[in-house]
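J.: Sequence first, then the predicted structure:
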Amino acid sequence: MTETHILRELIAAEPGWVSGGAIASKLGVSRVSVWHQMEKLRAQGFEFEAQPAKGYRLSSRPKMLHQGLVEAQLKIRRKGFTFTLMDEVDSTNDECARQLAAGRSAPFAVFALRQTKGRGRFGRAWHSAANGNLYSSFAFRPRIAPERMQTFTLWMGVTICELVSKFVPVQPGVKWPNDIVFEGRKAGGMLTEARVDADEIRDLVFGLGLNVNSPAAGWPPELAKRAVSLSELSGGLVDLNRLTAALIGRVLLAYERFTEGDHVDLFAELWNKYDVLRGKDVTLSEGTRKHRGRVLGVDDVGSLLLRDAHGHTRGFRAGEVTIEKGG
């Protein structure tokens, strides 16, 4: 896409200038074609400075997600990987599942400005307004045994914490099994869904909802005290397009490391760094059953380890965790 190439040249030259002739020569198009593409970019919210002796310089970018701008900033490119940006979708996870079923080549990703039926664990609704947040899903065809994927969401969680920590001054954490949190307030949620065929995972979808630039006053009343966005923590808008480009690279690398089994030592190190439950007294709910104990961490298959009041330790594969007051 020519507009992506133009943006890549302008970004690479920042804060310097690039002549229209140099861009045209590199792309093998006419200077008039470059000018037309830049006019299209202006209509999409970009602004450029232009000087006869110097050329062009990018002076302002759209605040909302822009596919060409994300592509221009990708530092890691994988052969065959593509992504789609949609204005609106019911759920990015569901869209990935539909496209996998229709035969789209994987890996790929789907991003949306808004979800009408965004969801998390247990089918819970995920607030998904078009307010500068990130709604994304990545699709893979791993063809590996289901038991190998047991720590996948946890691994992705600590990987995303490593990325997010570069964008905000407050350290993020993972609340087992799928929440990205800051000091007890939720900034993101992950949802991994798989289709198993003949004892191997045929299709895998990893979904991530991340509160990036939603204003503090924009939360529904029931979420106001429990949710937080990255912009609230950083004191200003986060560059959503740069974050998204970095996220794509991180997720693809993390997936490769996981499927190759090259993640185990790093996972243990990062889990110790970002686990917010270790040493806390919690209540874990399994349906109507409740289990109380102190969190010791996770085991090799991602189960949460709880030590009860009698000193017995047990692992739990699923459940809802609440931190006890004073715990």
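T.: Sure, I can see it.

J.: what are the ranges of the helices in this structure?
T.: For the chain, the helices defined by DSSP state H occupy 2-13, 20-27, 31-43, 67-72, 92-101, 152-164, 230-234, 240-260, 264-274.

J.: Mind putting the ones you listed into TSV with mean neighbour count, distance to Arg289 and mean pLDDT?
T.: Heads up, the C-betas are built off the backbone N, CA and C, glycines and all. Below are the helices of the chain laid out as TSV (neighbours: other Cβ atoms under 10 Å; distance: least, Cβ to Cβ, whole Å; pLDDT from 0 to 100):
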stretch	mean neighbour count	distance to Arg289	mean pLDDT
helix 2-13	19	53	92
helix 20-27	16	63	90
helix 31-43	15	57	92
helix 67-72	22	44	95
helix 92-101	20	28	96
helix 152-164	22	23	97
helix 230-234	20	36	94
helix 240-260	19	31	96
helix 264-274	15	26	95
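
J.: Sort out which residues of the top strand by length along the chain are buried, please.
T.: Taking DSSP state E as the criterion, the chain has its longest strand at strand 185-197. Under the neighbour-count criterion of 16 or more other Cβ atoms under 10 Å, strand 185-197 has 186-192, 194 buried.

J.: nearest to Glu162, of those?
T.: When those are compared for distance to Glu162 (Cβ to Cβ), Gly188 comes out closest, at 13.3 Å.

J.: partner residues bridging that closest one?
T.: Gly188 has these beta-bridge partners by DSSP bridges: Ile180, Leu210.

J.: Now do the same contact list for it.
T.: The contact partners of Gly188, taken as Cβ atoms under 8 Å, 6 or more residues apart in numbering, are 160, 164, 179-180, 208-211.

J.: wait, which of those is closest to Glu286?
T.: Glu286 has its nearest neighbour among the contacts of Gly188 in Asp179, at 17.6 Å by Cβ to Cβ.

J.: can you pull the contacts of the closest one?
T.: Residues in contact with Asp179 (Cβ under 8 Å, 6+ apart) are 186, 188-190.

J.: would TSV of the buried residues of strand 185-197 with pLDDT be doable?
T.: What follows is those, written out as TSV (pLDDT from 0 to 100):
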residue	pLDDT
Lys186	93
Ala187	95
Gly188	95
Gly189	94
Met190	96
Leu191	95
Thr192	96
Ala194	94
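
J.: Domain parsing of the chain, as residue ranges.
T.: With automatic domain parsing as the criterion, the domains of the chain are listed as 2-60, 67-274, 281-323.

J.: Confirm for me that Lys26 is in contact with Glu9.
T.: Yes. Using Cβ atoms under 8 Å, Lys26 is in contact with Glu9, at 6.8 Å.

J.: which one of the contacts of Gly188 is nearest Thr313?
T.: Nearest to Thr313 among the contacts of Gly188, with distances taken as Cβ to Cβ, is Asp179, at 23.1 Å.

J.: Please tell me how far the closest one sits from Val276.
T.: Distance of Asp179 to Val276, given as Cβ to Cβ, to the nearest Å: 9 Å.

J.: What residues sit buried inside stretch 284-300?
T.: For stretch 284-300, a neighbour-count test (16+ other Cβ under 10 Å) marks 284, 291, 293-295, 298 as buried.

J.: Start and end of that stretch, how far apart?
T.: Terminal residues of stretch 284-300 lie 19 Å apart, using Cα to Cα, to the nearest Å.

J.: Same check on stretch 8-22?
T.: 13 Å.

J.: List of residues touching it?
T.: Stretch 8-22 is touched from outside by 23, 26, 31, 34-35, 48, 51, 54-58, 72-73, with contacts defined as Cβ under 8 Å, 6+ apart.

J.: Grab the two from the buried residues of strand 185-197 that are most spread out in space.
T.: Across the buried residues of strand 185-197, the longest distance by Cβ to Cβ is 24.9 Å; it joins Ala187 and Ala194.

J.: residues contacting the closest residue to Val164 other than its chain neighbours?
T.: Leaving out its chain neighbours, the residue that sits closest to Val164 by Cβ to Cβ, 6 or more residues apart in numbering is Pro172, at 4.9 Å. Taking Cβ under 8 Å, 6+ apart, we find Pro172 in contact with 161, 164-165, 180-182, 187, 274.
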